[in-house]
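Colleague: I would like the atomic coordinates for the input below:
(4 chains)
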2 protein chains.
Amino acid sequence: MKYNRLPDNQRHALNVYVKLMRATNSATSRMHNHLKEDNLTVSQFGVLEAIYHLGPLSQSELGEKILKSNANLTTVVDSLEKKNLVVRNRAGEDRRKVTVHLTESGKELIAKVFPRHAQVVAKELEFLSEDDKESLGKLLKKFR
Amino acid sequence: MKYNRLPDNQRHALNVYVKLMRATNSATSRMHNHLKEDNLTVSQFGVLEAIYHLGPLSQSELGEKILKSNANLTTVVDSLEKKNLVVRNRAGEDRRKVTVHLTESGKELIAKVFPRHAQVVAKELEFLSEDDKESLGKLLKKFR
DNA sequence: GGTGTTTATTTTGATATCTAAATATCAGAC
DNA sequence: GTCTGATATTTAGATATCAAAATAAACACC
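Modeller: Numbering: from 1, shown residues only, chains lettered A, B, ... in the order given. Predicted structure coming up:
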């Protein structure tokens, strides 16, 4: 796309924007493929992984982690519960909150899937040098 | 997320991956908001914009541009057609292909919305210096 | 201690999107 | 010319997701 006739700053911004979309799209499609092997959606994996690394969390906390709406978290946790990978616990101090815990089989599954995920992500980012990764990380962090 | 106990390269890759997801998420949610004013979805806007800048395109070409499946393009073009913003044309040499054109009101709309989009994107990326944008662009380009 | 406000989750109603199968057309080999 | 395989779009069936309203619990404050 050429975007002529635009002020420089807008043209540059649009170019970065388009590249960001394309990069994310290509990265995710390659990195998320392996989840099918275990019948997990990206969101389901995200929830399992967050609890795996951070311990039991409430649904709204999970929503922030995996960047999905609260309404959607209800659905995602429902489907994980149906598969016996997590349980909801409403017995905390604040009874509005649901705390989501891994079951034994949830723990087993994520303990198997996460290392593979880490490998796939590392492999798919191999084309970046360690320096590239560091600079890219710093730049992306500024988006906040 | 700390990702201890992982090899360095995997830990670094995961950090970049997470930052990429978060950056894209935060950028898109801020940059796509203005489209609601004109009742356009991101995909609908993407199609209008692609034709606006590149001229009439087939649906599969549009799918590549906006990173959506062919099946979905049918739906997106359907909805644009319903709003009289584009027309399908099947009269080319290859009669399998549909070529999507802007109507007059489609042209008017995108001629109004695109400059605003460019402004919003530029504004939302203001926190990056021109140098930052250039380095980021170069790094993201490597994702191909 | 009742009342209004905030917070967490769920429900409702709707859209966007995907994969796989169906359909239609084209292009090349024979 | 006809068959075979590739390509473009559409249809069918399904899931993921969202925004807004509903529900329920906690908090604040007079």
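Colleague: near DNA strand D, which residues of chain A are found?
Modeller: A:41-44, A:67-72, A:75-76, A:79, A:93-96 (Cβ under 7 Å from any atom of the strand). Where you see a C-beta, it was placed from the backbone N, CA and C, and this is true even at glycine.
Colleague: next step: those residues restricted to helices.
Modeller: A:42-44, A:70-72, A:75-76, A:79 (DSSP state H).
Colleague: most neighbours among these, which one?
Modeller: A:Val76 (24 neighbours; other Cβ atoms under 10 Å in any protein chain shown).
Colleague: ok, the ones in helices among the residues of chain A next to DNA strand D vs A:Ile110, which is closest?
Modeller: Closest approach to A:Ile110 among those (Cβ to Cβ): A:Gln44, at 10.1 Å.
Colleague: what score does that closest one have for pLDDT?
Modeller: Note for A:Gln44: predicted pLDDT of 97.
Colleague: could you do A:Lys2 as well?
Modeller: Reading off the confidence values, A:Lys2 has pLDDT 68.
Colleague: where does chain A dip in pLDDT?
Modeller: Along chain A, segments meeting pLDDT under 70 span A:1-2.
Colleague: which residues of chain A fall in strands?
Modeller: Counting by DSSP state E, chain A forms strands over residues A:57-58, A:86-89, A:99-102, given from the N-terminal end onward.
Colleague: can you redo the ones you listed as CSV with mean neighbour count?
Modeller: Putting those into CSV (neighbours: other Cβ atoms under 10 Å in any protein chain shown) gives the following:
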stretch, mean neighbour count
strand A:57-58, 18
strand A:86-89, 17
strand A:99-102, 20
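Colleague: these: which one's closest to A:His32?
Modeller: Scanning the strands of chain A with Cβ to Cβ as the criterion, the closest one proves to be strand A:86-89, at 19.9 Å.
Colleague: and A:Gly63, how many neighbours does it have?
Modeller: With other Cβ under 10 Å as criterion, A:Gly63 counts 20.
Colleague: now swap in A:Arg96 and tell me
Modeller: Burial of A:Arg96, expressed as a neighbour count using other Cβ under 10 Å, amounts to 8.
Colleague: returning to that earlier point: take the strands of chain A and lay them out in a markdown table including distance to A:Glu108.
Modeller: Compiled in a markdown table, the strands of chain A are given as follows (distance: least, Cβ to Cβ, whole Å):
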| stretch | distance to A:Glu108 |
| --- | --- |
| strand A:57-58 | 19 |
| strand A:86-89 | 13 |
| strand A:99-102 | 9 |
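Colleague: show me the one of those strands that comes nearest A:Gly137.
Modeller: strand A:57-58 (24.4 Å).
Colleague: outside of the closest one, which residues touch it?
Modeller: A:50-51, A:65, A:97-100 (Cβ atoms under 8 Å, 6 or more residues apart in numbering or on different chains).
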